[in-house]
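S.K.: Got a sequence here, can you model it:
(one chain, ligands or ions: 1)
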Amino acid sequence: MKNKEIVELGQKYLMNTYGRFPIALVKGEGSRVWDADGKEYIDFVSGLAVTSLGHANPYIAEVLNQQAKEILHSSNLYWIKPQVKLAQKLVENSCFHKVFFANGGAEANEAAIKLARKYSNLNYGPGRYEIITMKKSFHGRTMATLTATGQEKVQIGYEPLLEGFKYVPFNDFPALEEAITEKTCAIMVEPVQGEGGVNPAKKGYLKKLEALCKDKDILLIVDEVQTGMGRTGKLFAYEHYGIEPDIMSLAKALGNGTAISATLATDKVAQSFKPGDHASTFGGNFLACAVGNMVMDLLLEGDLLAQVEEKGEYLKEKLNQLKEDYPIIVEARGMGFLVGVEIKGESVSVVRKALENGLLLSAAGPKVVRFLPALNTDKETLDEAVEIFKRTIKAL
Ligand SMILES: Cc1ncc(COP(=O)(O)O)c(C=O)c1O
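M.R.: Reported below is the predicted structural model:
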């Protein structure tokens with residue numbers, strides 16, 4: 001089947017929830033993908049920060065194959081060895097002590113929200129349930145996580161929203177201090193806002209926020225669904241800030257394309273969950289966790305993460321250099337391989353044109369074009385992508 005046939009069939013049978021581009025990707029290798037008509041692209045979307053170790057990664061393919069031959073699913077009525085091993089690896093490489101596994105980012109955030117409320121309820125009674133989140137944040141599409149999301153566009157039409165969420169401007173500490181009341185149980189923040197336009201938290205901001213939380217026993221939740229698993233050049237983005245949050249959500253690159261997410265917490269907080277308090281049928285299944293273990297091993301091997309930091313700076317610098325000749329570019333910003341280029345214009349038009357030119361990019365809000373290369377992308381491919389981007393904006 002060619003692109004056109006797949007698109008027409010999809011339009012007939014799928015709910016119209018996505019503004020999709022008119023191609024269907026059918027094959028990938030490393031940082032490259034091919035569509036159903038055989039056209040090749042450099043893939044700097046990476047399945048929206050998911051396929052961080054590249055497409056058709058042979059180690060991932062092997063572990064998937066092996067696990068499928070042994071056992072795929074048993075339920076959480078029994079212990080699951082790859083789940084236990086993956087939890088151990090996550091804990092040993094973070095400031096957290098316990099893990100709950102689910103299937104996607106929104107679910108990991110749901111667990112984080114439930115855990116924070118449970119902790120507060122057990123320790124302070126039922127009136128302390130409010131969660132403060134940031135304007136321009138993105139936390140998911142379930143009712144609780146779209147309520148947590150500080151963007152009206154994902155909330156309109158789904159009212160009434162959940163009770164107990166408040167929004168403050170990002171990177172504005174006085175506004176945050178003012179929003180806190182005796183009802184506040186948690187603050188939820190992305191270290192770098194992804195969907196909201198690639199906005200990194202200021203260093204001092206997260207430090208002050210952490211101190212405030214510790215002082216008042218308000219839980220600090222970091223949503224690392226997008227920034228986690230090496231995307232910013234450290235295993236978790238909170239490490240850049242020298243802070244130790246109470247709860248963290250992960251998803252996306254944890255499974256390099258298999259559906260898995262995790263909510264991590266410190267012992268103090270995690271012990272609020274007792275058997276029956278939270279669950280997921282598929283959460284932590286053999287297949288996803290077997291892959292998760294391999295992802296962790298590959299991320300921690302050699303100097304991959306240090307290279308992401310270095311190559312991320314290289315990419316950002318090359319993109320910032322374009323400002324001189326192309327005033328449409330306001331700035332390139334971000335951390336590691338989570339880079340956004342703010343433009344004076346419509347980001348989706350640039351994304352559409354880049355796709356025609358053989359480079360896959362994604363929009364992060366109306367004015368930011370996002371670059372999410374696989375973490376093992378080489379410099380030649382970065383150069384090639386910047387050339388295509390240059391050609392793209394020149395033609396606009
Ligand atoms: C920071 C953040 N949190 C949560 C989510 C939601 O994840 P999912 O689409 O897997 O539910 C996303 C998705 O883009 C995200 O970027």
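S.K.: Tell me the pLDDT of Ala56.
M.R.: Per-residue confidence at Ala56 stands at 98 (pLDDT).
S.K.: correct me, but it touches Glu29?
M.R.: Yes. If you go by C-beta atoms under 8 Å, Ala56 and Glu29 touch, sitting 5.1 Å apart. All C-beta atoms are positioned from the backbone trio N, CA, C, and that covers glycine.
S.K.: What is the neighbour count of the closest residue to Ala262 other than its chain neighbours?
M.R.: Spatial nearest neighbour of Ala262, chain neighbours left out: Leu250 (4.6 Å); criterion: C-beta to C-beta, 6 or more residues apart in numbering. For Leu250, the neighbour count with other C-beta atoms under 10 Å is 29.
S.K.: Show the backbone phi and psi for Leu250.
M.R.: The main-chain torsion angles of Leu250 are listed as degrees, to the nearest 10 and equal phi -130, psi 150.
S.K.: Next, work out how far apart it and the ligand are.
M.R.: 10 Å (C-beta to the nearest ligand atom, to the nearest Å).
S.K.: for Gly28, helix, strand, or coil?
M.R.: Following DSSP: H, G, I helix; E, B strand; the rest coil, the label given to Gly28 is strand.
S.K.: can you pull the contacts of it?
M.R.: With contact taken as C-beta atoms under 8 Å, 6 or more residues apart in numbering, Gly28 is in contact with 34, 43, 51, 54-56.
S.K.: Compute the distance between it and Gly257, please.
M.R.: Taking C-beta to C-beta, to the nearest Å as the measure, Gly28 falls 9 Å from Gly257.
S.K.: Narrow the contacts of Gly28 to just the buried residues.
M.R.: Among the contacts of Gly28, those classed as buried by 16 or more other C-beta atoms under 10 Å are 34, 43, 51, 54-55.
S.K.: Now for Gly28 and Gly257: what residues contact both?
M.R.: Shared between the contact lists of Gly28 and Gly257 (criterion: C-beta under 8 Å, 6+ apart) are residues Thr51.
S.K.: Among the contacts of Gly28, which are located in strands?
M.R.: Those of the contacts of Gly28 mapping onto strands are 34, 43, per DSSP state E.
S.K.: which parts of the stretch 201-350 of the chain sit against the ligand?
M.R.: In this structure, the stretch 201-350 of the chain approaches the ligand at residues 223, 225-226, 251, judged by C-beta under 6 Å from any ligand atom.
S.K.: if we can go back for a sec, if we check the ligand, which of the contacts of Gly28 are in contact?
M.R.: Among these, no residue is within reach of the ligand (C-beta under 6 Å from any ligand atom).
S.K.: out of the contacts of Gly28, who's nearest the ligand?
M.R.: Of all the contacts of Gly28, the ligand sits closest to Thr51, with 13.7 Å by C-beta to the nearest ligand atom.
S.K.: what secondary structure does the closest residue to Asn293 other than its chain neighbours sit in?
M.R.: With C-beta to C-beta, 6+ apart as the measure, Leu86 is the residue that lies nearest to Asn293, at 5.1 Å, once sequence neighbours are left out. Using three-state DSSP, the three-state assignment for Leu86 comes out as helix.
S.K.: so Leu86 touches Met294, yeah?
M.R.: No. Taking contact to mean C-beta under 8 Å, the distance of 9.7 Å between Leu86 and Met294 leaves them out of contact.
S.K.: Settle it for me: which of the two has more neighbours?
M.R.: Leu86 (26 against 23).
S.K.: Check what pLDDT Ile328 gets.
M.R.: In this model, Ile328 is scored at 96, pLDDT.
S.K.: What are the neighbouring residues in contact with the residue in the chain that the ligand sits nearest to?
M.R.: Proximity to the ligand, evaluated over the chain using C-beta to the nearest ligand atom, is greatest for Gly105 at 2.2 Å. Gly105 makes contact with 139-140, 223, 225-226, 249, 251-252, 261, according to C-beta under 8 Å, 6+ apart.
S.K.: run the last query once more with 6 Å
M.R.: Neighbouring residues of Gly105 by C-beta atoms under 6 Å, 6 or more residues apart in numbering: 140, 225, 251, 261.
S.K.: For these, please prepare TSV with the additional fields neighbour count.
M.R.: As requested, the contacts of Gly105 are arranged in TSV below (neighbours: other C-beta atoms under 10 Å):
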residue	neighbour count
Gly140	24
Val225	30
Ala251	28
Ser261	29
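S.K.: Let me know the distance separating Val45 from Lys216.
M.R.: Distance check for Val45 against Lys216: by C-beta to C-beta, it reads 40 Å.
S.K.: Kindly report the same for Asn65.
M.R.: Remark: distance between Asn65 and Lys216 (C-beta to C-beta) = 50 Å.
S.K.: Could you do Asn256 as well?
M.R.: Relative to Lys216, Asn256 is positioned 38 Å away (C-beta to C-beta).
S.K.: Which residue ranges make up the domains of this protein?
M.R.: The chain breaks down by automatic domain parsing into domains covering 3-56+303-394, 59-300.
S.K.: Highest mean neighbour count out of those?
M.R.: For these, average neighbour numbers computed from mean count of other C-beta atoms under 10 Å are highest in domain 59-300, which has a mean of 20.
S.K.: What is the end-to-end distance of it?
M.R.: End-to-end distance for domain 59-300, by C-alpha to C-alpha, to the nearest Å: 14 Å.
S.K.: Thank you kindly, that will do.
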